[in-house]
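Colleague: no letters, just coordinates:
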């Protein structure tokens, strides 16, 4: 029997448990709010703010918004205040929130499983054009984000989204956020199991439900039955990965406790096999553990990964079985290695029904409302009513007849979307950056787009899979620690001693094959202007020094500091 939270089984566990007594864990009697976020959540559930938005704030305007709603509860409905224009990165950490706040919002449209109809995509495009100054970004969690949203327009936007089956419910906040899923669920010929029913069941039972609307912090979910392992399961709070049990057949292997930010940690297997029809129950049990045992005293320790680090997978599984599921889980096999080094489904691929899906690459997820509407029209004109977003800021058009593929590809390329992109366009991601994000220190989207252009010009024959992830601050929304080349935005000194935008460099991170975090070479920082020169230099050295078929991550792990600088 695993130890209880108050009776750890080993000296080490006992020290850990003692250190974390009083961490605000509800299950051990610590209900007193211990930080400002816990206080405003105790005073009123985040889901309740919608009524105030519709009946008060949208009518009276920005100045009528209560501060705890403005910078807290409104996140439960996908709304963040965006960064006021003209504030440089050096002031990000020193200004008060009200000084950073613009009078406009980022609005995140929740897209569970990355699934969109042409009608839904067209509506997002229309909302972008009418209310968001044409902005739209595809995120690395399959959502779409809009900017320049006025509080007065939010009810009308909700009405338009909900009319086509979309929402912003719990798109942000201390709650279960979007459920990412395989973009090729139920269509790929090599799929182990279709996780779509589980995505739908979790969404229908629990999203917008106050049972889980007050968690210690955000909770991220991934479900995929693809052998490509296309949902970055290693860095989610919970992930269900398709496997075949030797006795029970196709089902899911359960991973818990992953996350990045400033304290990155890879998820761990519970060693449990779960059939499709039990995924939602197991998910609810894990979320229940997080709600009840998660740390609420310190905001920077409130993610599930910290509880998993202290408990370990054996104790976590035991508590899950004994207290939440009331039954043992079936021991199951680990998933095999991913079947492809690329996990984004870009290109032309045959579906199991004989039709094709076409995956294409925008530049670092940046699109616009007019273009989204054109993509919807293009898909519909080629017989498709279904599209998918990916966790690499890409998009797929499904269900295309073989004789319409070439025409669709030509139409996409006319919109500057590449179906056969260079490794640089295919593998480069960027977060929102200083343009809109209040946490950012440097610009990211335009920098990523220009970097792609430069690398394509300088290294036109480079053909190795490569990921370049650009983040505007240390919080790793763009997964810098798991990229071949991860770039963490910060202010650095140029050759003349001036403080300018730049990046700390992480090298050799990976998910899938030999998953791990990138290497930081002491003192290795580059200015934004130097970035193309630096990346070109490192990639040339990689090609000169690599062993046969060696991946960039493997080379970076063994290369000298001089080769990486």
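Modeller: Right, received. Where do you want to start? Everything numeric in this text was worked out from a predicted model, so none of it was measured.

Colleague: mind jotting down where the helices sit in the stretch 51-200 of the chain?
Modeller: Along the stretch 51-200 of the chain, the stretches classed as helices by DSSP state H, counting those that start in this stretch are 58-60, 67-70, 97-100, 118-131, 154-163, 196-206.

Colleague: oh, I was asking about the stretch 251-400 of the chain
Modeller: For the stretch 251-400 of the chain, the helices defined by DSSP H, counting those that start in this stretch cover 279-293, 304-311, 313-319, 369-381.

Colleague: and these, which is most packed in?
Modeller: helix 304-311 (a mean of 22; mean count of other C-beta atoms under 10 Å). Yep, even glycine has a C-beta here, placed from its N, CA and C like the rest.

Colleague: rewinding a little: now mean neighbour count, mean pLDDT and distance to residue 112 too, for the helices of the stretch 51-200 of the chain, in CSV please.
Modeller: Shown next, in CSV, are the helices of the stretch 51-200 of the chain (neighbours: other C-beta atoms under 10 Å; pLDDT from 0 to 100; distance: least, C-beta to C-beta, whole Å):
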stretch, mean neighbour count, mean pLDDT, distance to residue 112
helix 58-60, 14, 98, 26
helix 67-70, 18, 97, 25
helix 97-100, 13, 91, 30
helix 118-131, 21, 98, 12
helix 154-163, 16, 98, 13
helix 196-206, 19, 98, 5
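
Colleague: centroid-nearest residue for this protein?
Modeller: The centroid of the chain falls nearest to residue 141 when counting by C-alpha atoms, centre = their mean (3.6 Å).

Colleague: which residues sit in contact with it?
Modeller: Counting by C-beta atoms under 8 Å, 6 or more residues apart in numbering, residue 141 touches 177, 178, 180, 220, 391.

Colleague: so residue 350 sits against residue 190, correct?
Modeller: No: taking contacts as C-beta atoms under 8 Å, residue 350 lies outside contact range of residue 190: 10.4 Å.

Colleague: can you pull out the low-pLDDT segments for the protein?
Modeller: Scanning the chain with the threshold set as pLDDT under 70 gives 1-21.

Colleague: the residue lying farthest from the centre of it in helix, strand or coil?
Modeller: Within the chain, the residue lying farthest from the chain centre (C-alpha atoms, centre = their mean) is residue 496, at 37.4 Å. Here residue 496 is recorded as coil under DSSP: H, G, I helix; E, B strand; the rest coil.

Colleague: next one: it from residue 40, what distance?
Modeller: 46 Å (C-beta to C-beta, to the nearest Å).

Colleague: swap in residue 181?
Modeller: Taking C-beta to C-beta, one finds residue 181 at 32 Å from residue 40.

Colleague: higher neighbour count, the two?
Modeller: residue 181 (31 against 18; other C-beta atoms under 10 Å).

Colleague: show me the contacts for the more buried one.
Modeller: Counting by C-beta under 8 Å, 6+ apart, residue 181 has contacts 112, 113, 114, 115, 142, 195, 196, 199, 222, 223, 224, 231.

Colleague: kindly recompute the last result at 10 Å.
Modeller: 111-115, 142, 194-196, 198-200, 221-226, 230-231, 240, 388, 391 (C-beta atoms under 10 Å, 6 or more residues apart in numbering).

Colleague: who does it bridge with?
Modeller: Per DSSP bridges, residues listed as beta-bridge partners of residue 181: residue 223.

Colleague: do you know how far the residue nearest to the centre of the chain is from residue 544?
Modeller: If you measure residue 141 against residue 544 using C-beta to C-beta, the figure is 37 Å.

Colleague: so residue 316 is in contact with residue 308, correct?
Modeller: Yes: when contacts are counted by C-beta atoms under 10 Å, residue 316 is listed as touching residue 308 (6.0 Å).

Colleague: mutual contacts of those two, please.
Modeller: Contacts common to residue 316 and residue 308, judged by C-beta under 10 Å, 6+ apart, are 256, 257, 268, 270, 289.

Colleague: same list (the residues you listed) but as a markdown table, adding distance to residue 445.
Modeller: Below are these laid out as a markdown table (distance: C-beta to C-beta, whole Å):
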| residue | distance to residue 445 |
| --- | --- |
| 256 | 33 |
| 257 | 31 |
| 268 | 34 |
| 270 | 37 |
| 289 | 37 |
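
Colleague: nearest to residue 53, of these?
Modeller: residue 289 (31.6 Å; C-beta to C-beta).

Colleague: give the contact list for residue 71.
Modeller: Counting by C-beta under 10 Å, 6+ apart, residue 71 has contacts 36, 37, 40, 65, 80, 81, 97, 98, 100, 101, 438.

Colleague: just the element for the third one, please.
Modeller: Pointing back at residue 40 there. Take DSSP states H and E as the rule and residue 40 turns out to sit in helix 36-43.

Colleague: give the other helices and strands that that helix contacts.
Modeller: helix 67-70 (3 or more C-beta pairs under 10 Å, 6 or more residues apart in numbering; DSSP states H and E).

Colleague: what ranges do the strands span in the stretch 51-200 of the chain?
Modeller: 79-83, 101-109, 115-117, 135-138, 144-149, 176-181 (DSSP state E, counting those that start in this stretch).

Colleague: helices or strands up against the first one?
Modeller: Using 3+ C-beta pairs under 10 Å, 6+ apart as the contact definition, the elements that strand 79-83 packs against are helix 67-70, helix 97-100, strand 101-109, strand 144-149.

Colleague: for the residue nearest to residue 337 when sequence neighbours are not counted, give me its contacts.
Modeller: The spatially closest residue to residue 337, leaving aside those adjacent along the chain, is residue 513, at 6.0 Å (C-beta to C-beta, 6 or more residues apart in numbering). If a contact means C-beta under 10 Å, 6+ apart, then residue 513 has 229, 337, 338, 341, 551, 553, 554 as its contacts.

Colleague: in CSV, list the helices and strands packed on strand 79-83 along with distance to residue 123.
Modeller: Output for those, formatted as CSV (distance: least, C-beta to C-beta, whole Å):
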stretch, distance to residue 123
helix 67-70, 26
helix 97-100, 31
strand 101-109, 10
strand 144-149, 11
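
Colleague: among these, which is nearest residue 450?
Modeller: Residue 450 lies closest to strand 144-149 among the helices and strands packed on strand 79-83, at 20.4 Å (C-beta to C-beta).

Colleague: got the angle between that closest one and strand 101-109?
Modeller: 150 degrees (axes from the mean of the first three to the mean of the last three C-alpha atoms, to 10 degrees).

Colleague: which strands or helices does strand 144-149 pack on?
Modeller: strand 79-83, strand 101-109, helix 118-131, strand 135-138, helix 369-381.

Colleague: same thing but 6 Å
Modeller: Secondary-structure packing of strand 144-149 (3 or more C-beta pairs under 6 Å, 6 or more residues apart in numbering; DSSP states H and E): strand 101-109, strand 135-138.

Colleague: so of the strands of the stretch 51-200 of the chain, which one's packed in deepest?
Modeller: strand 176-181 (a mean of 27).

Colleague: wait, what's in contact with the residue nearest to residue 257 when sequence neighbours are not counted?
Modeller: Leaving aside its chain neighbours, residue 257 sits nearest to residue 308 (2.9 Å; criterion: C-beta to C-beta, 6+ apart). Listed by C-beta atoms under 6 Å, 6 or more residues apart in numbering, the contact partners of residue 308 are 256, 257, 316.

Colleague: export the residues you listed to TSV and append columns for distance to residue 150.
Modeller: Shown next, in TSV, are the contacts of residue 308 (distance: C-beta to C-beta, whole Å):
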residue	distance to residue 150
256	40
257	39
316	44
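
Colleague: fine, thanks again, bye for now.
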